[in-house]
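*Asks:* compute the structure for the input listed below.
(one chain, ligands or ions: 2)
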Amino acid sequence: MSQSLTAFSPASIGNVSVGFDVLGASLAPVDGTLLGDQVTVQEAPEYTLTVSGRFADRLPPGTDNNIVTTSYHFFNEALVQKGLPVKTLALHLTKNLPIGSGLGSSASSIVAAFYALNAFYDHPFDDNSLLFMMGECEGQISGAVHYDNVAPALFGGMTLMTGLDSPICENVPVFADWYWAICYSGISVSTSAARKILPTELPMATTLTFGRQLASFIHASHTQNAPLAAAVLQDVIAEPYRQSLLPHFSESREFALANGALGFGISGSGPTVFAACPDRATAEKVADYLTKHYIQNEDGFTHVCHIDTAGSRVL
Ligand SMILES: Nc1ncnc2c1ncn2[C@@H]1O[C@H](COP(=O)(O)OP(=O)(O)O)[C@@H](O)[C@H]1O
Ligand SMILES: N[C@@H](CCOP(=O)(O)O)C(=O)O
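*Replies:* Numbers count the residues shown, from 1 in each chain. Ligands and ions are numbered 1, 2, ... in the order given. As a prediction, this is how the structure comes out:
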C-alpha cells in the first residue's frame with residue numbers, strides 16, 4: 001500500500017453535440033498543459049481535505065461540501081461492503097478547472113479522487129465498478145447521473161455510454177488529425193440549472209434526427225469517414241435552449257464554421273464552447289477569435305487540444 005500518491009484526471013467535453021448525456025471526450029492541450037484536477041492521498045491520523053490551485057477559491061466553503069469528500073466516503077463504504085479495511089487519509093485537491101465551466105470540473109475532481117484512492121489501496125475495484133461510483137457522485141451535484149464526463153476523464157479518448165450496468169461505456173475511435181479549439185468564457189453556468197431549462201419531452205422529428213445523427217457520427221468514427229462525421233456534428237437536444245445562456249455564442253459559431261471548423265458546439269452545459277477543426281492552423285485561428293470575442297473576464301481561457309488518450313493517471 002502506497003504512503004502518498006497524486007492522481008490527475010483530464011477535462012472533458014460532455015455531449016460532443018451529437019450525444020446528449022451519452023457521448024464524451026477527454027481533452028489534452030497541445031502545448032502540454034495538464035488541464036484537469038489533481039488529488040493527493042496520504043495516510044493521516046484524521047480525515048482532512050486541503051485545497052489549492054487557480055480555482056480553489058471558487059469551491060464551496062467547507063470540507064463536507066466538496067465533492068472530493070463525498071467521493072472519499074463513497075469509496076470507504078464500498079471498501080467496507082467488500083470486507084476490506086479502511087484507513088484514515090488526508091486528501092489534497094488541486095483545483096485547476098473552473099466550476100460550472102462545461103469542462104467536466106466536478107467530474108475531474110471526482111475521478112481524480114476515486115482514481116487516487118483506488119491506486120492507494122492497490123486497486124480493489126475494477127474500472128466498471130469505479131465508474132459506477134463516479135457516476136453516482138456526479139449525479140448528486142449535477143441533477144442526474146450522467147457518465148459523459150466521468151467516463152472520458154477516467155479512460156481518456158471518446159466514450160459512448162451504453163445504458164447498461166456493464167459495460168457502462170465503450171471507447172469510440174477518434175479522428176487523430178482533428179484539433180479541438182476550446183474556449184471558457186469565464187462565467188459560471190450551473191449544470192443542474194442548465195438541465196432544468198430543457199424540455200422533458202421532445203417532438204418525434206427531433207428524436208429521429210438525434211438518433212440518425214448520433215448513429216451516423218459513431219459509424220463515421222469507426223469507418224474514419226471525417227466528412228460524414230462533420231456533416232452530422234450538430235446538437236438538436238440542448239443547444240437550442242442553452243445557447244441563450246451564452247453571450248456571443250451564435251456569432252462565434254458563425255465565425256468558426258465560416259473559417260474552416262468542421263463543427264462548433266457547447267461543451268457540456270457550457271459556457272465553454274468547442275470547435276472541431278481539420279488542422280492546427282484552423283484551430284489556432286478559431287481560438288484566436290474566441291479569445292478576443294467570446295471570453296468575458298479574466299477567468300476565461302482558450303486552448304487548442306487533441307482528444308487525450310491517456311485518461312486518468314498517477315503522476
Ligand atoms: N471539487 C469540486 N469541483 C467542482 N465543483 C464542486 C466541487 N465540490 C463541490 N462542487 C460543487 O458542485 C457543483 C458543480 O457544479 P457543476 O455546474 O456541475 O460544475 P461543472 O459543470 O463544472 O462540473 C457546484 O455547486 C460546486 O460548488
Ligand atoms: N451531459 C451533461 C454534461 C454536463 O457537463 P458539465 O461539464 O457542464 O458538467 C449535460 O449536458 O447536462
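*Asks:* now the helices: where do they sit in this structure?
*Replies:* 67-81, 105-120, 127-142, 150-155, 191-196, 204-223, 226-232, 239-242, 249-258, 280-293 (DSSP state H).
*Asks:* the second one: how far from the chain's middle?
*Replies:* On the basis of Cα atoms, centre = their mean, to the nearest Å, helix 105-120 is displaced by 13 Å from the centre of the chain it belongs to.
*Asks:* one more: the shortest one?
*Replies:* Between the mean C-alpha location of helix 239-242 and the chain-wide mean there is a distance of 19 Å, by Cα atoms, centre = their mean.
*Asks:* interface residues of the stretch 51-200 of the chain facing ligand 2?
*Replies:* Taking Cβ under 6 Å from any ligand atom, the part of the stretch 51-200 of the chain that reaches ligand 2 is made up of 102-104, 142, 146, 148-149, 191, 194-195. Heads up, the C-betas are built off the backbone N, CA and C, glycines and all.
*Asks:* report the outermost residue of the chain with respect to its centre.
*Replies:* The C-alpha centroid of the chain is most remote from residue 45, which lies 33.3 Å away (Cα atoms, centre = their mean).
*Asks:* from the residues of the stretch 51-200 of the chain next to ligand 2, which is closest to residue 264?
*Replies:* residue 102 (13.7 Å; Cβ to Cβ).
*Asks:* how about the residues of the stretch 151-300 of the chain near ligand 1?
*Replies:* 190-191, 268.
*Asks:* hang on, the earlier thing: most packed of the helices of the chain?
*Replies:* Of all the helices of the chain, helix 150-155 has the most neighbours on average by mean count of other Cβ atoms under 10 Å, namely a mean of 31.
*Asks:* can I get that one in CSV, CA atoms only?
*Replies:* This file holds the C-alpha atoms of helix 150-155, laid out as CSV (Å, rounded to 0.1, in the frame of the first residue of the first chain):
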residue,chain,number,x,y,z
VAL,A,150,-16.6,10.8,-15.7
ALA,A,151,-16.1,8.1,-18.4
PRO,A,152,-13.8,10.1,-20.7
ALA,A,153,-12.0,11.6,-17.7
LEU,A,154,-11.3,8.0,-16.4
PHE,A,155,-10.4,6.2,-19.6
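*Asks:* other SSEs contacting it?
*Replies:* Applying 3 or more Cβ pairs under 8 Å, 6 or more residues apart in numbering; DSSP states H and E, one finds that helix 150-155 contacts strand 4-10, strand 12-14, strand 23-29, helix 105-120, helix 127-142, strand 158-161, strand 169-172.
*Asks:* quick one: residues in contact with that helix.
*Replies:* When contacts are defined by Cβ atoms under 8 Å, 6 or more residues apart in numbering, helix 150-155 is touched by residues 9-13, 24-26, 36, 104, 107-108, 110-111, 115, 127, 130-131, 134-135, 138, 158-159, 161, 168-169, 171, 311-312.
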